[in-house]
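Asks: 3D, please:
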Amino acid sequence: MRITFFWFFSFFSLNVSAQVLKFEQISEPVYVDYSFQELNGNYLFGGSKKYTVPGNFPLQLFETDGTKGGTILLNNTLGGEMKTGFLEGVTSGKLNGEIYYNGFDSVHGTALWKTEGTHSGTMFLKDLNPSDKVRGGCFYFAALQDKLIFSCSDSFNTYGVFTTDGTSDGTFKLKDIHLKHSSESSNFLTYKSRVYFMVVNENFETEIWVTDGTVRGTDKFIDLESSFGIEKAGSFTGYVFEDELYFISGGYLFKTNGTSIGTTMLLDSPGQFIDLAEEELNSFLPRYFLPMNGKLYFLYHKDHRLGAELWVTDGSKDGTKMVKDITPGEAGRVQPNMAVLNDSKIIFSTSEFEEGNTQGTGLGLWVTDGTEQGTCFLKDLDNQPAYPRFSSQPAKFFIEYKGELYFYALHNSQTKYCLWKSDGTPQGTKVVMDSSMNIQNTPIIYNNRMYWVDHIGPSSKGVLWQSEGDSASTMVIKPMGDTNSSVDINLNVGQYLNVNNTLVLRASYGDWQQELWALTTTPLVDKSTANDNFEFTIYPNPASTILKVKSNEQNIEMRLLDIQGRELQRKIGDEIDVSTLANGTFILQVKTSNDISSRTFQINR
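Replies: Prediction:
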């Protein structure tokens with residue numbers, strides 16, 4: 001059955017055993033572009049409710065507070081549209097309670113706009129490229145005290161460095177230089193009251209520049225070629241760690257304290273650093289470093305034929321080295337799918353190869369404590385290499401949850417992918433649920449449960465899954481009584497919100513039109529911090545007049561909820577009057593100073 005939403009809201013009650021109170025549509029159809037951005041307690045996004053086919057729509061500025069009917073269009077007096085959606089640090093920046101973004105109108109074309117999240121506070125700021133009404137835009141925003149630093153095109157295919165203090169006169173070019181604008185040029189990076197960025201000079205050579213937000217204070221940071229005798233510097237990617245700036249340029253690794261004399265080379269031969277964020281969907285900025293226990297870990301190789309290996313640095317040249325040669329020669333590589341467990345171990349994927357076979361014949365899981373001796377094989381995820389076509393998908397989508405790492409990997413039957421978990425030991429690395437899945441995103445944590453999107457069935461529609469870390473609690477979240485339809489959910493980076501303990505996400509139901517949906521659940525108590533002795537029962541069940549609570553705790557707070565999660569009563573004590581309730585299912589939530597739990601009960605007269 002095809003269900004189409006236009007100007008009305010729909011609501012569905014869900015499976016109570018999963019502690020889902022409600023899952024409802026909270027907006028009319030509206031397309032959400034890129035991601036949400038928080039501002040003054042609400043969330044803004046670029047969206048459209050005028051589109052007729054996917055991909056053909058103008059963007060406008062919307063705001064949501066995460067409630068039903070709380071998504072509004074922020075019309076401005078000039079009627080401008082958004083040229084690009086919000087992607088904080090890339091296509092938008094935030095300063096002093098305002099968001100700056102690329103707006104568009106018929107008078108100025110693409111220009112810099114700002115909003116404080118109100119109709120009257122959304123306005124055109126300045127046209128930085130008046131000669132071109134179509135192309136252009138501002139990118140890579142970085143906050144610097146009371147200013148924003150960003151790149152902007154001021155002529156065709158040429159980007160300069162600009163600053164703004166929120167006024168038209170205070171928005172201007174800092175230096176007439178050529179910025180390289182590409183996905184590999186990294187965001188502008190703020191470090192010790194200055195912003196670092198990359199410039200391509202007139203000889204098409206890459207340089208690292210720095211600015212303090214003034215014209216005089218905008219200059220080349222250091223000449224890497226002459227200072228360190230390297231052949232050619234390249235793209236700049238930085239990472240601030242323990243009050244020092246680590247950066248990659250030209251395949252070399254450097255560390256600096258912000259001065260020329262305090263800049264050292266940690267790796268003196270060029271190689272390739274592997275992006276650890278390549279599996280993070282909609283992650284537009286690269287991530288090369290993984291911190292653990294006071295050190296930085298990264299994937300690096302000097303020769304692509306030998307494959308990448310795991311390296312570590314403690315900030316010294318001698319302390320920058322390969323952790324272990326796990327896949328010697330051309331036998332395989334360490335994959336950019338890894339995560340830290342309890343700040344003491346890194347669990348990561350590997351692929352092994354037969355000579356001449358670039359598809360791979362084996363997938364493995366390894367663990368390391370950062371030492372060569374403590375780097376060990378954990379699990380063979382691929383014990384039947386007769387199906388090499390499956391071997392291009394190593395373990396991925398790692399997330400730490402309840403003291404273990406959960407991930408998506410090939411089952412060793414070589415026929416399906418499943419949800420796994422690992423505590424860092426071989427015996428503790430096992431399948432959570434032995435059923436085929438097609439997980440599309442790194443799980444997120446909401447109310448101490450995991451949620452992810454799985455594309456299942458011939459239509460490849462995405463459905464929402466919930467798990468508390470075991471097979472019994474791992475289930476699909478879908479409307480009660482609905483066995484045929486599926487809700488197409490998007491949980492990619494920046495595509496969801498946690499607003500007032502409600503998970504807000506973009507989804508479609510029954511067709512390609514998107515809406516904002518809200519999922520509300522009761523919090524799952526962390527048993528490591530909860531009172532292990534807390535026990536309670538409710539009786540009689542079914543009830544008719546009085547519902548009683550038997551507990552080993554004193555002064556408990558009771559909340560009576562309907563199946564939609566709406567509070568009907570609240571009181572302190574051990575019994576509650578239910579005589580006015582109609583027949584049906586209800587929820588009693590019991591709370592102490594250390595614990596919270598819920599039970600369902602029936603009214604039957």
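Asks: what's the least confident helix or strand in the chain, going by average pLDDT?
Replies: strand 11-12 (a mean of 38; mean pLDDT, DSSP states H and E).
Asks: where do the strands sit along the stretch 151-300 of the chain?
Replies: 158-164, 172-179, 189-191, 194-200, 206-211, 218-222, 237-241, 244-249, 252-256, 263-267, 272-273, 290-292, 295-301 (DSSP state E, counting those that start in this stretch).
Asks: Redo those strands as JSON lines? Include mean neighbour count.
Replies: Any C-beta I mention is one placed from the backbone N, CA and C, and that applies to glycine too. What follows is these, written out as JSON lines (neighbours: other Cβ atoms under 10 Å):
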{"stretch": "strand 158-164", "mean neighbour count": "21"}
{"stretch": "strand 172-179", "mean neighbour count": "16"}
{"stretch": "strand 189-191", "mean neighbour count": "19"}
{"stretch": "strand 194-200", "mean neighbour count": "23"}
{"stretch": "strand 206-211", "mean neighbour count": "21"}
{"stretch": "strand 218-222", "mean neighbour count": "17"}
{"stretch": "strand 237-241", "mean neighbour count": "19"}
{"stretch": "strand 244-249", "mean neighbour count": "21"}
{"stretch": "strand 252-256", "mean neighbour count": "22"}
{"stretch": "strand 263-267", "mean neighbour count": "18"}
{"stretch": "strand 272-273", "mean neighbour count": "16"}
{"stretch": "strand 290-292", "mean neighbour count": "17"}
{"stretch": "strand 295-301", "mean neighbour count": "21"}
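Asks: Return the member of those having the minimum mean pLDDT.
Replies: Mean pLDDT is lowest for strand 172-179 among these, at a mean of 78.
Asks: and that strand, what does it pack onto?
Replies: strand 147-155, strand 158-164, strand 194-200, strand 206-211 (3 or more Cβ pairs under 8 Å, 6 or more residues apart in numbering; DSSP states H and E).
Asks: In TSV: these, plus distance to Asp219.
Replies: Formatted as TSV, these follow (distance: least, Cβ to Cβ, whole Å):
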stretch	distance to Asp219
strand 147-155	14
strand 158-164	11
strand 194-200	10
strand 206-211	7
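Asks: what's the closest of the ones you listed to Ser227?
Replies: strand 206-211 (11.0 Å; Cβ to Cβ).
Asks: and the closest one with strand 252-256, angle?
Replies: With axes from the mean of the first three to the mean of the last three Cα atoms, to 10 degrees applied, the angle from strand 206-211 to strand 252-256 works out at 20 degrees.
Asks: Val195 contacts Leu144, correct?
Replies: Yes: at 5.4 Å, Val195 and Leu144 qualify as touching, with contact defined as Cβ atoms under 8 Å.
Asks: Between the two, which contacts overlap?
Replies: Thr211, Asp212, Gly213 (Cβ atoms under 8 Å, 6 or more residues apart in numbering).
Asks: What is the nearest of those to Thr237?
Replies: Looking across the shared contacts of Val195 and Leu144 and measuring by Cβ to Cβ, the closest to Thr237 is Thr211, at 17.8 Å.
Asks: State the number of residues packed around Leu405.
Replies: 25 (other Cβ atoms under 10 Å).
Asks: element containing Asp454?
Replies: strand 449-456 (DSSP states H and E).
Asks: can the shared contacts of Val195 and Leu144 go into TSV with extra columns for distance to Asn447?
Replies: TSV is the format used below for the shared contacts of Val195 and Leu144 (distance: Cβ to Cβ, whole Å):
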residue	distance to Asn447
Thr211	43
Asp212	44
Gly213	42
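Asks: which residues does Trp311 bridge with?
Replies: Listed by DSSP bridges, the beta-bridge partners for Trp311 are Phe298, Met322.
Asks: how about the helices of this protein, start to end?
Replies: 224-228 (DSSP state H).
Asks: Show me how it divides into domains.
Replies: The record assigns the chain these domain ranges, following automatic domain parsing: 80-224, 536-603.
Asks: okay, those domains, which one's buried deepest?
Replies: The highest average neighbour count among the domains of the chain, using mean count of other Cβ atoms under 10 Å, belongs to domain 80-224 at a mean of 18.
Asks: circling back: out of the helices and strands packed on strand 172-179, the one nearest Asn342 is which?
Replies: Nearest to Asn342, of those and by Cβ to Cβ, is strand 194-200 at 32.5 Å.
Asks: quick one on the thing from earlier: okay, the domains of the chain in CSV with distance to Phe241 next?
Replies: Output for the domains of the chain, formatted as CSV (distance: least, Cβ to Cβ, whole Å):
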stretch, distance to Phe241
domain 80-224, 11
domain 536-603, 36
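Asks: got any ranges where the stretch 201-350 of the chain has weak pLDDT?
Replies: For the stretch 201-350 of the chain, applying pLDDT under 70 flags the ranges 202, 204, 277-286, 304-306, 329-332.
Asks: Just to check, Glu28 is in contact with Gln513?
Replies: No: under the criterion of Cβ under 8 Å, Glu28 makes no contact with Gln513, lying 9.4 Å away.
Asks: The stretch 401-550 of the chain: strands as residue ranges?
Replies: Using DSSP E, counting those that start in this stretch, strands in the stretch 401-550 of the chain cover 404-410, 417-422, 430-433, 444-446, 449-456, 461-467, 475-477, 487-490, 496-499, 502-509, 515-521, 536-539, 546-551.
Asks: Distance to Lys126 and mean pLDDT added to those strands, as JSON lines?
Replies: Converted to JSON lines, the strands of the stretch 401-550 of the chain look like this (distance: least, Cβ to Cβ, whole Å; pLDDT from 0 to 100):
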{"stretch": "strand 404-410", "distance to Lys126": "46", "mean pLDDT": "90"}
{"stretch": "strand 417-422", "distance to Lys126": "50", "mean pLDDT": "89"}
{"stretch": "strand 430-433", "distance to Lys126": "53", "mean pLDDT": "88"}
{"stretch": "strand 444-446", "distance to Lys126": "38", "mean pLDDT": "88"}
{"stretch": "strand 449-456", "distance to Lys126": "40", "mean pLDDT": "82"}
{"stretch": "strand 461-467", "distance to Lys126": "41", "mean pLDDT": "80"}
{"stretch": "strand 475-477", "distance to Lys126": "46", "mean pLDDT": "79"}
{"stretch": "strand 487-490", "distance to Lys126": "34", "mean pLDDT": "69"}
{"stretch": "strand 496-499", "distance to Lys126": "30", "mean pLDDT": "83"}
{"stretch": "strand 502-509", "distance to Lys126": "31", "mean pLDDT": "82"}
{"stretch": "strand 515-521", "distance to Lys126": "32", "mean pLDDT": "86"}
{"stretch": "strand 536-539", "distance to Lys126": "62", "mean pLDDT": "84"}
{"stretch": "strand 546-551", "distance to Lys126": "63", "mean pLDDT": "88"}
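Asks: possible to save the ones you listed as CSV with distance to Lys220?
Replies: Shown next, in CSV, are the strands of the stretch 401-550 of the chain (distance: least, Cβ to Cβ, whole Å):
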stretch, distance to Lys220
strand 404-410, 43
strand 417-422, 47
strand 430-433, 52
strand 444-446, 42
strand 449-456, 45
strand 461-467, 48
strand 475-477, 54
strand 487-490, 42
strand 496-499, 41
strand 502-509, 43
strand 515-521, 46
strand 536-539, 68
strand 546-551, 69
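Asks: Phe104 reaches Phe124, doesn't it?
Replies: No: assessed by Cβ under 8 Å, Phe104 is found out of contact with Phe124, at 9.9 Å.
Asks: Spatially, what comes nearest to Arg506 if we skip its sequence neighbours?
Replies: Once flanking residues are discounted, Arg506 sits nearest to Val32: 4.5 Å by Cβ to Cβ, 6 or more residues apart in numbering.
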